[in-house]
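1. coordinates only, sequence not included:
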Ligand code: ADP
Ligand code: MG
């Protein structure tokens, strides 16, 4: 069954169609990477799924249920979690407390306030610490973490809210090669039990995690396929190389792809 089914989606900003008749379906349990030049509509696409932006046309079905007209809060309660580009962790709290808070915010704010943490919650948080590779830093305040560790913590906080679908916007922007690898391993591990959409520019990262890639261009799907198919598709090469001079990060991506 498809967890997400999107048909003829159109989003307009004062007449400009940032998303234009977009069609996409995501199978339950799938890890999908979405790439595309700057301005292609990637962030707007996530904004539309999470209810931040309303479409003027089209269908958005999550587990068969229409998301149209629902608020961001309602959509998040249905099981769609989003990680933004910049980490939003509580810097003064420890890594463990950040995870506790995210877990309990979802469940019950009062138990956190009054310090009642059940055994099963402790187990959940301990498991998450392991998944995100921060066991040894569990009692450090988050401000002592590196940028990459903060990204992993925030992914952990997202998972603590038990969403079925994770939306992750540019998780490795500004990370070292080693941290990029850690984040790709984390997302691969999470994909065993979640459906995930990742937006990313970094082609090395995309290569590390991609199974199925969707290329967005001017608000529509340009093509879809394996990394191999995508990087040999003349339309993709044209879209990327055509924009090369003005967009350094895409230029790098193009360079990596073509090996030139
Ligand atoms: P991407 O994330 O792929 O770089 P965006 O979704 O951010 O692209 O933007 C797609 C297009 O929509 C861009 O041309 C951008 O300028 C425009 N856009 C995005 N948000 C708004 C907005 N709130 N108002 C007007 N135009 C917007
Ligand atoms: Mg964007």
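-> That came through, no problem. Owing to the predicted nature of the structure, the values given are computational and were not obtained by experimental measurement. Numbers count the residues shown, from 1 in each chain. Ligands and ions are numbered 1, 2, ... in the order given.
2. buried sites along stretch 172-183?
-> For stretch 172-183, a neighbour-count test (16 or more other Cβ atoms under 10 Å) marks 172-173, 175, 179-183 as buried. Heads up, the C-betas are built off the backbone N, CA and C, glycines and all.
3. outside of it, which residues touch it?
-> Contacts of stretch 172-183 from elsewhere in the structure, counted by Cβ atoms under 8 Å, 6 or more residues apart in numbering, are 85, 133, 146-149, 151-152, 155, 171, 184, 200-202, 204-205, 208.
4. one more time with 6 Å
-> Residues external to stretch 172-183 that are found in contact with it (Cβ atoms under 6 Å, 6 or more residues apart in numbering): 148, 171, 202, 205.
5. Could you list the low-confidence segments of the chain?
-> Counting by pLDDT under 70, the chain shows low-confidence ranges at 106-123, 241-260.
6. If we use 50, what do you get?
-> Within the chain, the stretches falling below the threshold (pLDDT under 50) are 109, 245-260.
7. in it, which residue is closest to the centre?
-> residue 168 (1.0 Å; Cα atoms, centre = their mean).
8. What strand or helix carries residue 38?
-> With the criterion set as DSSP states H and E, no secondary-structure element contains residue 38; it sits in neither a helix nor a strand.
9. burial of residue 156, as a residue count?
-> Look at residue 156: counted by other Cβ atoms under 10 Å, it has 26 neighbours.
10. Then the one 10 residues further on?
-> Neighbouring residues of residue 166 were enumerated by other Cβ under 10 Å; the total is 23.
11. For beta bridges, what are the partners of it?
-> For residue 166, the beta-bridge partners are residue 81, residue 196 (DSSP bridges).
12. mind giving me the domain ranges of the chain?
-> The chain breaks down by automatic domain parsing into domains covering 1-79+164-260, 84-162.
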